[in-house]
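Asks: attaching a predicted model along with its sequence, questions to come.
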Amino acid sequence: MKNDLCYIIIIHFNNYKSTFSCIESILKSDNLNFHIVIVNNNVLTDSFKDLKKTFSNNKDISLLNLNANLGYAGGLNKGIKFSLNNPDCKYLWLLNNDVYVSKNSLNELIIQDKFSKNNAIIGSKVLNTNNTIQSLGCKLNKFNMVTYHNYKNCNNKDYYDIRNIDYIHGCSMFFRKDIINIVGYFEEKYFLYYEDVDFCLRASYKNVSLIIAQKSEVFHKENTSVKKTNFQYLSTVNRIVFAKKFFKNYLILVYIYIIKDILKNFILFRINRNFQIIRFLFS
């Protein structure tokens, strides 16, 4: 029996090809001291049945089927609780299903954690599929709650100077299991988007460091499973939820920026996007 495993949690939602590619890349890792937990965030779909057929005989993979779609945060929490119930769990690595990882990614995350003097949440260098930077840690504009990625679309190189990080991109987030005792679980009010911002902000309040392991590379096919209408609705709604929780003094500015976005959508005839957002604002 292996000791001190990294439990890798992946949320699956109706996309067999992406989840399969993600798992395949992990299985080629230099460090094989891991256990993969696939959380099916839906009813028992054909895509999840296919995953069970493909990986059910692999002892290093557990497949959990949820009775309902609990959202990304809810699915993560189920996977984390499952992992923590196993005494061999030392690390947690939360991955989107639409990523594939380099062979040394896990090793570099563990090395970074061992060199860290403080409790830490560690992110990877997140790359686009064309090998440009997608994210080297993220920033939050505290006036309108809009988020940004450091060095987005810059060329990939060995080292960038990263001084301030507000949160770690949720598509690759690594930490020791003890962090859950310090920070708590993911906030399920968000369903999708901003759960990583919330988690990291709470962590920073507890003096948990936010670090990027720049030698740990993860390639992310961004927004492959979310329609643009749903993306704007969820991100807009969760900006409000987040502001109400952490930055009430700036809430009026958030509403002003959202109204500006609504007007822009009307000009561009994006009626469906506006309908969902307006319905939420007046609910």
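Replies: Perfect, I can see it now. Numbering: from 1, shown residues only.
Asks: show me the helices in this structure, by range?
Replies: 16-27, 46-55, 71-84, 105-115, 178-183, 195-205, 228-246, 251-267, 271-281 (DSSP state H).
Asks: so what sits opposite the residue nearest to residue 62 when sequence neighbours are not counted in the bridge?
Replies: Nearest residue to residue 62, sequence neighbours excluded (C-beta to C-beta, 6 or more residues apart in numbering): residue 37, at 5.0 Å. To be clear about C-beta, it is placed using only N, CA and C from the backbone, and glycine gets the same treatment. Beta-bridge partners recorded for residue 37 (DSSP bridges): residue 9, residue 62.
Asks: looking at the helices of the chain, which is nearest to residue 99?
Replies: Shortest separation from residue 99 across the helices of the chain is recorded for helix 16-27, at 5.8 Å, computed as C-beta to C-beta.
Asks: give me the residues contacting the closest one.
Replies: Contacts with helix 16-27, where a contact means C-beta atoms under 8 Å, 6 or more residues apart in numbering, come from 8, 10, 12, 34, 36, 38, 46-48, 50-51, 54-55, 61, 95-102, 106, 221, 224-225.
Asks: before we move on, what about stretch 242-252?
Replies: For stretch 242-252, the surrounding residues in contact (C-beta under 8 Å, 6+ apart) are 142, 143, 144, 145, 187, 190, 194, 197, 198, 201, 240, 254.
Asks: what are the buried residues along it?
Replies: By neighbour count, with 16 or more other C-beta atoms under 10 Å as the criterion, the buried positions of stretch 242-252 are 242, 243, 246, 247.
Asks: okay, residue 191: pLDDT?
Replies: According to the model's per-residue confidence, residue 191 sits at a pLDDT of 88.
Asks: against residue 75, how distant is the spatially closest residue to residue 148 that is not a sequence neighbour?
Replies: Distance criterion C-beta to C-beta, 6+ apart; nearest residue to residue 148, sequence neighbours excluded, is residue 139 at 4.5 Å. Between residue 139 and residue 75 the distance is 26 Å, computed by C-beta to C-beta, to the nearest Å.
Asks: look at these two and report which has more neighbours.
Replies: Neighbour count, other C-beta atoms under 10 Å: between residue 139 and residue 75, residue 75 has more, with 25 against 14.
Asks: pretty sure that one is touching residue 42, no?
Replies: No. In terms of C-beta atoms under 8 Å, residue 75 does not count as a neighbour of residue 42; the distance is 9.4 Å.
Asks: give me the common contacts of these two.
Replies: Contacts common to residue 75 and residue 42, judged by C-beta under 8 Å, 6+ apart, are residue 66.
Asks: shaky segments in the stretch 151-283 of the chain?
Replies: Applying pLDDT under 70 to the stretch 151-283 of the chain flags the ranges 222-229, 265, 268-277, 279-283.
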